[in-house]
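> A structural model of the following input is requested.
(chains A and B)
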Amino acid sequence: MIDARPDRWLVRALQLVLVLLVGWNLFAYGGVENEQFTSRHYFPKLEVYYGGYGQEYFVYPDRLRPIHRETEYNFRNLAALQNNAPPPGRGDFVPGYDGAGRMFSSGFLPAVVQRLSLGSLSLHDASFAVNVLLLLIAAGVAFQFAARGTPDPYARYFAASIVVSYPIFSLMFQSLKMQYAHSVLVLLGIYLAHFVLRRADLLTATIAFTALFWMGAFTGGGFVLLLLAVVVWLLACHTVGRNTAMMAGVTLRSSGWVLVAACAGFVIALVSSDAVRQIYDLPRGDDSYSIQKTFFIDPLIYLKALLLHLDRSQLLFLGFPGDQFFTRMVGLFIKSLWELNPFIFASAIAGFIFDRNSRALLLTAAVLFIPSHAPELLMGWAGPWGYGNAPSMLLVMVAFAGMLGRLMSSAPADRRLALAARTAAVALFACSVGFFFYDRHHQVDNYYFSWDRLDAAKHIHVYHDAQYTAY
Amino acid sequence: MSSSTLRWLLGAALGFALLYATGINRNLFFLAFGLSCTAVAVVWANSALVRLAAAIVFLASAAVTVSAPLPPRVDVQAGLTDGLRKLPAGVPVIFRFQLHGIEQHRAKCGPLDPYAIVVGAGLTALDVSVNGAAPLGIGIEYARDVNQRVTAWVRLPDDVKDAVELKLIPREEVALYQGPEVSGHDVYPDAVYLMFANTECRVVYHVRRTPND
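Prediction:
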């Protein structure tokens, strides 16, 4: 039994916690450029570039700031988007995940901020503003998702608080590439599809999906992942998600129309973005990887060899030779999720079994899990890369918040039982958020391919002559 | 929501089309992204005020063009060959470290293993001495990066405090990797530093080589 009447003081307390968490993130994690920091030489692993990739630096009045090799492309995209004239041509764009793939989040959004500031904000300040904005948008979507998807009045605050604590945002405040933007897009897309566009007419829904896919067309894989997410979500709703609070008023017919609108939006966005791509002579694809080869051709050859009991050691399956995808990579991806937050991971598994309302979200997260790791599979990166978890993790967080909300509101008829449930919910919430903050070095490691680089020491103190910096 | 939302969407499309038609903004990339964001905001928002604010933000940003040039760049490795700087045989190179705060760090972190770390090539031909004492033994690690760097770990006496004068004397020609490490506007080019470490803490000291070489 759920008590849907909010306890005013509890709600106030949760609001305060949310504000404090946002403030703490901005205060404590605004200053360190972790991607540069993690590749420094203070750590036992030496396979990274010495000096944080740094060769060229931007000269700011207060300091030099390193130019990463990867973010070089973003500056070119940004320059073309600062101007109202058409981009001058191919020379301004770079193909692949590093360039065109980040055009929306690392080019367009900072350009909007710079335009609105009439050019007074620097590239780094504009990017910081975008990073903070994306954090707040993600928290806002999670809040609304939980508010409309669960009957209790607390889950929304848990959802927003957990999302703002998710290090994928705060660790990247100083970064010039917002490669988690497509994760926010997936969460936003599912939310709009389920709670908003179901009630819209076909034309409105198609326009909205076209806009979403246009944003995703240039956000590093968000384009296809979003369509997959919507399709999986609709299937999950009508299978494991049946007869839940999230499905109140949802019909198979409305899901069918959402699917039609999503497919139509996908095609329109694909064709129109490709037209713009051709007008500006923007190359498609990248020589360093092939989506067709990694996801279709190689797996088919591998599966054929498997069926015929032939030698597979020289064949590739999803980017890795032999059986390595199954024997090594799947375990590594799951370990990365566990290392990110064992409390949320374990609760999600328990939730799938015991909490009917969270099953649709968790099933969608599970199906998206491997496709979300497409960059590692395409490039053959054999290490933890936290961004690959993000689309699934955001969905899991909303589901987890729903579970906490149910605990908070359960058994109103029995005070002792209700108190025990609330205590358990608060303890789980504190542990999950606390784990994100407990060891930031370990969290950084989880994003950059090694679990024992920064984690070798909890406190890092650096002196340049007498100039002291603590990390 | 439908008819009202559709009117907002069509209004936003009209606004962006006008910006293009009047020649105010001919950048299709920017216009398409701007219209997409406005459309999503219109669909997401419940109130007319939020929809209006989103439309104004993206339309206004599309109406102005800015010249916010990137900051000037500096290549801190310019003039170096393959990131390595050669040290001729027999010519000593000296680094003078002041160990700021080391006692406080020891008090807080417990015993710290002190190392001098030199990154470069041909480092087995390097004699390393500290504070004028006899040369110390060095351990060599080979990195796995594209440059196949070599790192020499030189264990320092446990009781070093206050200051360390690190003297590198090449028996044959060796080379130091050129970092660079940067703090503020200061560049610390040589990949030579001190590290005091245990499982809890890592204390790193950077200085530039003394200008007598």
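> Quickly find the element holding residue A:139.
Assigned by DSSP states H and E, residue A:139 belongs to helix A:123-149.
> Name the next helix or strand following that helix along the chain.
Downstream of helix A:123-149 (by DSSP H and E), the next one is helix A:155-165.
> can the helix or strand of chain A with the lowest mean pLDDT be found next to chain B?
In chain A, no helix or strand scores lower on mean pLDDT, DSSP states H and E than helix A:34-38, which sits at a mean of 71. No: on the criterion C-beta under 8 Å from any C-beta of the partner chain, helix A:34-38 is out of touch with chain B, staying 9.7 Å away. In this view, the C-beta of every residue, glycine as well, is placed from N, C-alpha and C.
> cool, stretch A:245-257 as well?
No: counting by C-beta under 8 Å from any C-beta, chain B is not contacted by stretch A:245-257; separation bottoms out at 12.1 Å.
> what comes up buried for that stretch?
By 16 or more other C-beta atoms under 10 Å in any protein chain shown, the buried positions in stretch A:245-257 come out as A:246, A:247, A:250, A:254, A:255, A:257.
> I figured the fifth one hits residue A:239, correct?
The one in question is residue A:255. No: look at residue A:255 against residue A:239 with C-beta atoms under 8 Å: they stay out of range, at 11.3 Å.
> just checking, what packs against the helix ranked longest in chain B?
Looking across chain B with DSSP state H, the single longest helix is helix B:2-21. On a contact count with 3 or more C-beta pairs under 8 Å, 6 or more residues apart in numbering or on different chains; DSSP states H and E, helix B:2-21 meets helix A:202-216, helix B:28-44, helix B:48-63.
> Pick out the residue of the stretch 251-400 of chain A closest to chain B.
Relative to chain B, the nearest point of the stretch 251-400 of chain A is residue A:276 (5.0 Å; C-beta to the nearest C-beta).
> out of everything not next to it in sequence, what's closest to that residue?
residue B:28 (5.0 Å; C-beta to C-beta, 6 or more residues apart in numbering or on different chains).
> Could you double-check that that neighbour sits in contact with residue A:85?
No: contact criterion C-beta under 8 Å: residue B:28 and residue A:85 do not qualify, at 11.0 Å.
> Give me the more crowded residue out of the two.
The residue with more neighbours, out of residue B:28 and residue A:85, is residue B:28; 17 against 11, by other C-beta atoms under 10 Å in any protein chain shown.
> ok, the closest residue to residue A:118 other than its chain neighbours - how many residues close by?
Spatial nearest neighbour of residue A:118, chain neighbours left out: residue B:66 (6.3 Å); criterion: C-beta to C-beta, 6+ apart. Residues lying near residue B:66 (other C-beta under 10 Å) number 18.
> all helices in the stretch 351-471 of chain A, in order from the N-terminus.
For the stretch 351-471 of chain A, applying DSSP state H, counting those that start in this stretch gives helices covering A:359-372, A:374-379, A:390-409, A:415-438, A:440-447.
> Could I get the pLDDT score of the closest residue to chain B within the stretch 301-450 of chain A?
Relative to chain B, the nearest point of the stretch 301-450 of chain A is residue A:441 (10.0 Å; C-beta to the nearest C-beta). Note for residue A:441: predicted pLDDT of 78.
> next structured bit after the lowest-mean-pLDDT helix or strand in chain B?
Here the helix or strand of chain B ranked lowest by mean pLDDT, DSSP H and E is strand B:138-142, holding a mean of 73. On the C-terminal side of strand B:138-142, the closest following helix or strand by DSSP H and E is strand B:150-155.
> Each with direction, which strands does that next one pair with?
Note on strand B:150-155: by DSSP bridges, its sheet partners are strand B:113-121 (antiparallel), strand B:138-142 (antiparallel).
> List phi and psi for residue B:71.
phi -60, psi 160 (degrees, to the nearest 10).
> Next up, the contacts around residue B:63.
Residue B:63 makes contact with B:19, B:24, B:25, according to C-beta atoms under 8 Å, 6 or more residues apart in numbering or on different chains.
> Can you flag the buried ones in those?
Neighbour counting with 16+ other C-beta under 10 Å marks B:19, B:25 as buried within these.
> ok, the contacts of residue B:63 vs chain A, which is closest?
Taking C-beta to the nearest C-beta as the measure, chain A sits nearest to residue B:25 out of the contacts of residue B:63, at 4.2 Å.
> My guess is that closest one contacts residue B:64. True?
No: assessed by C-beta under 8 Å, residue B:25 is found out of contact with residue B:64, at 9.0 Å.
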